[in-house]
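>>> Quick one, fold the following:
(chains A and B)
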Amino acid sequence: NAGVTQTPKFQVLKTGQSMTLQCAQDMNHEYMSWYRQDPGMGLRLIHYSVGAGITDQGEVPNGYNVSRSTTEDFPLRLLSAAPSQTSVYFCASSSKGRGNIQYFGAGTRLSVL
Amino acid sequence: EDQVTQSPEALRLQEGESSSLNCSYTVSGLRGLFWYRQDPGKGPEFLFTLYSAGEEKEKERLKATLTKKESFLHITAPKPEDSATYLCAVQARDGQNFVFGPGTRLSVLP
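Here you go, the predicted structure:
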């Protein structure tokens, strides 16, 4: 049971480039979310999804796009990378039937130059 | 607006020296308060969920307690392997999302 898998683990981008961070879960969880973690600020919610075909914005959505075509996958797209998006990104999934406990991936460390 | 603060920001303990971490929260109706442990370079790992004031949960050297405004994570006789960042999060009753605190970075020295 792999849990939540994120790729890539590390990425360096130049300002203005675009990329997609991948997230997949094999637990059949209905809820998936993306966070960014910056020093001293904890985890901040970027976008979330309560099921396939349904997404919504979190606290810091600007500059990011998501889609949820399947239960398993929830990719995060950076449209035009900016240095302010340098951060560690975590994907998480959870289910009401499992007490809403969030399971996290190992993270993607992104640097935008 | 739901908010979570944690104190102290960092804590250094000697092995065996017990202490407590604090999580203060404001939420429009609490569905659950969650504690996570995060090791460097890894994603957070679930420890406990607390649902109502007065509830307590224990796991090895850790005990979590909950009041209407805060939660404590008590660490009894810690060991160096307990060194990590401890995160607190709340989930409101009327929503699905979680609000995280900034975390407490715990170092246990041998």
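
>>> which residues touch whichever residue of chain A sits closest to chain B?
Across chain A, the shortest distance to chain B (CB to the nearest CB) belongs to A:Phe104, at 3.3 Å. Bear in mind the C-beta positions are built from the backbone N, C-alpha and C, glycine included. For A:Phe104, the contact set (CB atoms under 8 Å, 6 or more residues apart in numbering or on different chains) comprises A:4, A:90-92, B:43-45.

>>> let's see 7 Å
A:4, A:90, A:92, B:43-44 (CB atoms under 7 Å, 6 or more residues apart in numbering or on different chains).

>>> Was I right to think B:Ala84 contacts B:Asp39?
Yes - between B:Ala84 and B:Asp39 a contact is recorded at 5.2 Å, counting by CB atoms under 7 Å.

>>> which of the two has more neighbours?
B:Ala84 (20 against 12; other CB atoms under 10 Å in any protein chain shown).

>>> So which elements touch the longest strand along chain A?
For chain A, the strand that runs over the most residues, judged by DSSP state E, is strand A:42-51. Packing partners of strand A:42-51 (3 or more CB pairs under 7 Å, 6 or more residues apart in numbering or on different chains; DSSP states H and E): strand A:31-38, strand A:54-57, strand A:64-66.

>>> show me the contacts for the closest residue to B:Leu50 other than its chain neighbours.
Excluding the flanking residues, the one nearest B:Leu50 by CB to CB, 6 or more residues apart in numbering or on different chains is B:Leu66, at 4.0 Å. With contact taken as CB under 7 Å, 6+ apart, B:Leu66 is in contact with B:33, B:50, B:53, B:55.

>>> all strands of chain A, in order?
Here chain A has its strands, by DSSP E, at A:4-7, A:10-13, A:19-25, A:31-38, A:42-51, A:54-57, A:64-66, A:76-78, A:87-94, A:103-104, A:108-112.
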